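Undergrad: Structure for the following, please:
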Amino acid sequence: MNRTLALALLVAIIVGVVGFIAGYSVAPPRIETYTVTTTVTTTVTSPVVMPTPITPPAPKCNFTPPDKIVIGLSISLSGAYTLAGQQGLWGMLAAVKYINEIEGGIDLCGKKVKIELKYYDDQSSKDLVPSLYERLITVDKVDFLLGPYGSPLTLAATPVAEKYSRVLVSWMANSDKLIQQGFKYFVMVPALASTLWRATLEMVKTLDPTATIAILHKEDEFNTMVARGARDYASQIGLKIVYFRSYPIDISDFTPIFNELVTYKPDVILICSHEKDGMLAMQQLVQMKINAKLIGIAVATSLPDFYKNFGNMAEGIVDGTHWTPYAKWSPDVAKQLGFEWLGPTQEGFLSLFKEVAGPDKSPSYHAAAGFAAILIVARAIEVAQSLDQSTLRQVFNDLKVMTIYGPFRIDPTTGGQIGHTIVVGQWQAGKFNIVWPPGAANSKPVYPIPTWDEKAKGALATPTP
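TA: Numbering: from 1, shown residues only. The predicted structure is shown next:
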């Protein structure tokens with residue numbers, strides 16, 4: 001009887017111990033998963049947004065945070081994209097300065113971790129880009145990747161990032177083709193290329209409903225998407241396209257094309273370009289005195305050097321721009337729209353930019369995009385409390401944040417940008433004002449713009465009261 005009782009007691013003890021061990025081993029993962037989900041949801045859905053974000057309770061850290069976080073990229077510091085690349089780099093360095101010196105670093109696992117930028121000059125060549133990203137990943141072993149400047153170069157970099165399952169954030173490449181490749185680790189900061197002239201066309205339709213449109217575009221991935229998007233949207237809103245033509249990437253003379261263009265007498269001329277060919281197109285429009293009620297030249301127009309190069313002749317020229325110093329994004333706007341505000345206000349950004357670029361330099365939208373990209377990456381790392389690439393990519397899906405550059409929110413499937421919008425910038429009395437849409441504008445549009453002869457005599461693009 002005693003032996004039977006003892007045996008029963010032993011069995012009960014064994015069952016109890018096994019049950020305790022089983023319960024102990026299952027419980028922690030269940031709590032950990034709950035904590036991660038709660039953190040992400042709270043961050044992106046809270047309607048109350050503070051000017052200085054409050055970091056939510058962090059998920060449990062499963063690693064020892066590094067002494068620094070290295071963000072790697074190639075950047076165009078020579079070649080055709082030099083001006084835009086340098087602007088972007090200045091913006092990134094301003095963001096690094098803000099995070100390291102003002103914020104003290106990224107909050108990671110209870111530690112303030114500073115960031116470092118590792119970059120190589122890709123010489124504006126897509127042929128160099130793949131090897132540079134291989135080096136960043138396998139030799140430099142950077143923690144995070146930003147893309148190069150421009151869609152052609154980013155389309156060369158992204159397959160390398162995908163090969164190693166590394167997140168690549170595109171700070172200034174937005175061809176629709178980038179979201180049509182099935183990339184799993186791609187994240188876009190700027191609005192899609194196909195929407196670049198949309199606000200300009202809406203403005204024209206409002207001011208001159210029967211205006212005729214001519215569209216020229218460079219034969220590369222980005223500008224082809226820009227031109228097709230403009231053509232399709234113009235037709236959609238009832239504007240007539242009278243001329244649509246591409247031109248070679250290495251164009252050195254627009255004269256034959258412009259001689260053909262003038263025979264169609266368009267009211268509006270839109271040139272889909274980058275900086276070098278955009279500057280050339282502007283130069284030859286002036287020389288040939290080809291007038292229109294409105295002239296838009298993509299990318300080049302938004303660079304401060306555009307007005308420095310052309311002076312009064314730049315008056316009235318427009319661009320579909322991602323940002324100007326007169327943009328109205330602020331913590332209050334973020335709160336109204338339900339976005340979390342990141343980083344300094346416009347004044348703070350301008351001060352930081354001049355500290356790294358020089359007091360005589362002015363930022364273009366490329367600088368603002370580079371600045372925003374670093375802040376967004378830092379926030380994603382803070383929310384994830386991890387440098388695991390799959391975890392970070394998932395976090396980007398749920399980020400709903402705003403910087404001086406504007407809103408950021410992506411399509412979870414493609415990584416394409418769906419939050420940021422493009423506005424119309426126009427040179428007026430030496431200032432690149434936002435003129436459309438009315439809710440975002442700091443000035444009224446000038447339409448029609450002064451002719452070349454009028455500007456040669458000193459006429460400015462001055463809005464009517």
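Undergrad: Would you mind listing the buried residues in the longest strand anywhere in the chain?
TA: Scanning the chain for the strand with the most residues, using DSSP state E, yields strand 111-121. By neighbour count on 16 or more other C-beta atoms under 10 Å, the buried set for strand 111-121 is 113-115, 117, 119-121. From N, CA and C alone the C-beta is placed, and that goes for glycine too.
Undergrad: how about a markdown table for the residues you listed, with distance to I99 and pLDDT added?
TA: What follows is the buried residues of strand 111-121, written out as a markdown table (distance: C-beta to C-beta, whole Å; pLDDT from 0 to 100):
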| residue | distance to I99 | pLDDT |
| --- | --- | --- |
| V113 | 10 | 98 |
| K114 | 7 | 98 |
| I115 | 6 | 98 |
| L117 | 11 | 98 |
| Y119 | 16 | 98 |
| Y120 | 22 | 98 |
| D121 | 24 | 98 |
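Undergrad: Next, format those residues as a markdown table and append distance to G296.
TA: Converted to a markdown table, the buried residues of strand 111-121 look like this (distance: C-beta to C-beta, whole Å):
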| residue | distance to G296 |
| --- | --- |
| V113 | 43 |
| K114 | 42 |
| I115 | 37 |
| L117 | 33 |
| Y119 | 31 |
| Y120 | 33 |
| D121 | 30 |
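Undergrad: and the longest strand of the chain, which strands flank it?
TA: strand 68-75 (parallel), strand 106-108 (antiparallel) (DSSP bridges).
Undergrad: Let me know which of those is tucked in deepest.
TA: Between the strands paired with strand 111-121, strand 68-75 has the highest mean count of neighbours, a mean of 22, where neighbours are mean count of other C-beta atoms under 10 Å.
Undergrad: how about the helices in the stretch 351-465 of the chain?
TA: 365-384, 389-398, 452-456 (DSSP state H, counting those that start in this stretch).
Undergrad: winner for burial among these?
TA: For the helices of the stretch 351-465 of the chain, the highest mean count by mean count of other C-beta under 10 Å goes to helix 365-384, at a mean of 27.
Undergrad: Show the contacting residues for I106.
TA: By C-beta atoms under 8 Å, 6 or more residues apart in numbering, the residues touching I106 are 69, 99, 112-115, 378, 381-382.
Undergrad: Can you pick out the most distant pair from those residues?
TA: Across the contacts of I106, the longest distance by C-beta to C-beta is 13.4 Å; it joins K114 and E382.
Undergrad: Just to check, M402 is in contact with W341?
TA: Yes - between M402 and W341 there is a contact at 5.5 Å, judged by C-beta atoms under 8 Å.
Undergrad: Contacts only, for the residue nearest to T345 when sequence neighbours are not counted.
TA: Residue nearest to T345 in three dimensions, not counting chain neighbours: S330, with 6.1 Å by C-beta to C-beta, 6 or more residues apart in numbering. With contact taken as C-beta under 8 Å, 6+ apart, S330 is in contact with 341, 345-346.
Undergrad: nearest to Y326, of those?
TA: The closest of those to Y326 turns out to be Q346 (C-beta to C-beta; 8.6 Å).
Undergrad: Now do the phi/psi pair for the closest one.
TA: Reported as degrees, to the nearest 10, the phi and psi values for Q346 are phi -60, psi -40.
Undergrad: neighbours of it, just the number please.
TA: Per other C-beta atoms under 10 Å, the neighbour tally for Q346 reads 16.
Undergrad: Relative to W329, how far out is it?
TA: The gap separating Q346 from W329 is 7 Å, by C-beta to C-beta, to the nearest Å.
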